[in-house]
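Trainee: Any chance you could fold what I've pasted below:
(one chain, ligands or ions: 1)
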Amino acid sequence: MILLDGKKTSNDIKNEIAAEVQKMKGRGEKVPHLAAILVGNDGASLTYVGSKVKACERVGFESTLVRMSNTTSEIELLDKIDELNNDPDIDGFIVQLPLPRQIDTQKVLLAVNPDKDVDGFHPTNFGKMALDMSTFIPATPFGILELLDRYGVETKGKHTVVIGRSHIVGRPMSILMGRKGFPGNSTVTLTHSHTKNITQITSQADIIITALGVPGFLKAEMVKDDAVIIDVGITRVTDDSLPKGYKITGDVDFENVSKKASFITPVPGGVGPMTIAMLLKNTLLARERNMN
Ligand code: GUN
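Mentor: Now for the predicted structure:
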């Protein structure tokens with residue numbers, strides 16, 4: 001079994017990006033600038049956005065965190081998005097999800113200028129991705145592709161089973177794994193809450209990508225020998241014996257599934273850190289596009 005080490009790989013990627021930034025500085029160019037809008041005080045979102053800002057510092061990007069209160073109206077948020085769309089100093093920005101219930105998420109995602117949409121959530125970018133056109137690929141799926149690529153995991157002709165059809169992970173992943181090229185050229189099955197006999201499907205999979213958010217969902221008996229296992233689950237499970245009072249738990253019963261797998265991502269330290277590295281990569285791409 002080989003561990004797909006997202007912590008190490010994301011560090012390698014950050015070092016590569018930092019080297020690019022140094023080159024930009026050497027040429028007297030402006031460094032990439034990422035902004036993040038955080039509406040409200042959701043604990044997990046605060047942690048994620050904090051990690052994104054820290055990652056920007058680490059590679060030498062500029063970053064701006066825009067915090068808005070939990071009672072922000074849709075129009076106030078749309079105004080802020082408009083401001084960032086028109087700010088020539090900002091190369092890319094994200095609106096951290098989820099948003100408070102008074103705000104229509106679809107409307108918000110549509111308002112982001114696709115050229116600054118480093119999350120790749122705008123329908124224009126999603127469509128380009130599906131059509132094999134150059135675009136911003138959503139950071140988590142992009143991070144999974146990068147892990148598969150850097151570890152040389154064969155995907156061509158393999159049966160990939162994706163569990164979960166979220167707009168952020170499952171749906172784009174199912175498209176990307178079936179695209180031409182590497183990593184891709186897989187035969188993809190997208191499963192979700194209405195899928196019947198899921199064990200019958202997962203036990204035929206060469207590659208399983210699970211993005212469900214149900215701790216320990218994928219058990220050893222659902223997996224065939226030598227399968228490749230990608231765990232996107234990051235659920236906070238309360239554990240009072242730990243200093244933080246919780247632990248981050250994946251969708252995979254790691255202890256037992258890892259004994260059968262050929263490659264597997266740990267949680268934490270697998271897909272999670274890759275997501276941040278690829279957001280930086282998309283921001284670098286946005287900056288480079290701005291210069292042409
Ligand atoms: N919430 C959970 N994942 C993400 C992500 O990748 N981007 C944003 N903007 N919000 C998220």
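Trainee: tell me the contacts of the residue in the stretch 151-292 of the chain that the ligand sits nearest to?
Mentor: Nearest residue of the stretch 151-292 of the chain to the ligand, counting by CB to the nearest ligand atom: Ile168, 5.4 Å away. (Glycine included, C-beta is placed from N, CA and C.) Going by CB atoms under 8 Å, 6 or more residues apart in numbering, Ile168 touches 97, 121, 138, 140.
Trainee: Where does the residue positioned nearest the centre of the chain sit: helix, strand or coil?
Mentor: The chain has Thr140 as the residue nearest its centroid, 1.7 Å off, counting by CA atoms, centre = their mean. Classification of Thr140 by DSSP: H, G, I helix; E, B strand; the rest coil places it in helix.
Trainee: Once you drop chain neighbours, what's closest to the residue of the stretch 51-200 of the chain found nearest the ligand?
Mentor: Closest residue of the stretch 51-200 of the chain to the ligand, CB to the nearest ligand atom: Leu97 (3.8 Å). Counting by CB to CB, 6 or more residues apart in numbering, Leu97 lies nearest to Thr105, which is 6.6 Å off, once chain neighbours are set aside.
Trainee: Neighbours of the closest residue to Asp42 other than its chain neighbours, how many?
Mentor: Spatial nearest neighbour of Asp42, excluding adjacent residues (CB to CB, 6+ apart): Pro98 at 7.1 Å. Using other CB atoms under 10 Å, Pro98 has 12 other residues around it.
Trainee: shaky segments in the chain?
Mentor: When residues are selected by pLDDT under 70, those of the chain lie in 292.
Trainee: ok, which residues in it are in contact with the ligand?
Mentor: Contact residues, the chain versus the ligand (CB under 6 Å from any ligand atom): 94-97, 119, 139-140, 168.
Trainee: Show me the two of the residues you listed that sit farthest apart.
Mentor: Val95 and Thr140 (15.8 Å; CB to CB).
Trainee: you'd agree the residue nearest to the centre of the chain is up against Ile276?
Mentor: No - assessed by CB atoms under 8 Å, Thr140 is found out of contact with Ile276, at 9.9 Å.
Trainee: Pull the contacting residues for Asn125.
Mentor: Contacts of Asn125 (CB under 8 Å, 6+ apart): 114, 117, 135-136.
Trainee: Which element, helix or strand, includes Val161?
Mentor: Assigned by DSSP states H and E, Val161 belongs to strand 159-163.
Trainee: Would you mind listing the outside residues contacting that strand?
Mentor: Against strand 159-163 from outside (CB under 8 Å, 6+ apart): 170, 173-174, 177-178, 186-192, 198, 201-202, 204-212, 217-218, 251.
Trainee: Buried members of those residues into PyMOL, please.
Mentor: The following PyMOL line selects those of the contacts of strand 159-163 that are buried, judged by 16 or more other CB atoms under 10 Å:
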select buried, resi 170+173+174+177+178+186+188+189+190+191+198+201+202+205+206+207+208+209+210+211+212+217+218+251
